[in-house]
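**Student:** no sequence on hand, only this structure:
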């Protein structure tokens, strides 16, 4: 039996596998691995959630719409130039 999740905006994610997981405190849990497709190129990508139905319904990972190649890349804080400081603090020069 295959489980499919359809988001409000019509995106489809298929449950690929449920994996056993051990939390930091040593208790047993499970992770669900879901497969979606990139809005731009159609390539598959995976997202992981807790296997709990309550967690799945609250998860923000299903908002993802692009594969790793096409997802938005934001510059890291360490890559910003000293002249960009006014943009970070909101000061105008």
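**Tutor:** Received the coordinates, thanks. Treat the numbers as computed from the prediction; the structure is a model and nothing was measured.

**Student:** how close does residue 21 get to residue 70?
**Tutor:** 29 Å (C-beta to C-beta, to the nearest Å). Glycine gets a C-beta too; all of them are placed from N, C-alpha and C.

**Student:** what's the neighbour count on the closest residue to residue 7 other than its chain neighbours?
**Tutor:** Leaving out its chain neighbours, the residue that sits closest to residue 7 by C-beta to C-beta, 6 or more residues apart in numbering is residue 62, at 5.3 Å. The local packing of residue 62 (other C-beta atoms under 10 Å) involves 19 other residues.

**Student:** residue 62: what secondary structure?
**Tutor:** Here residue 62 is recorded as helix under DSSP: H, G, I helix; E, B strand; the rest coil.

**Student:** which residues does it contact?
**Tutor:** With contact taken as C-beta atoms under 8 Å, 6 or more residues apart in numbering, residue 62 is in contact with 5, 7, 11, 13, 34, 36, 47.

**Student:** a markdown table for those, including secondary structure and pLDDT?
**Tutor:** Formatted as a markdown table, the contacts of residue 62 follow (DSSP: H, G, I helix; E, B strand; the rest coil; pLDDT from 0 to 100):
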| residue | secondary structure | pLDDT |
| --- | --- | --- |
| 5 | strand | 89 |
| 7 | coil | 88 |
| 11 | coil | 90 |
| 13 | strand | 94 |
| 34 | strand | 94 |
| 36 | strand | 94 |
| 47 | strand | 93 |
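
**Student:** most centrally placed residue in this protein?
**Tutor:** residue 61 (3.6 Å; C-alpha atoms, centre = their mean).
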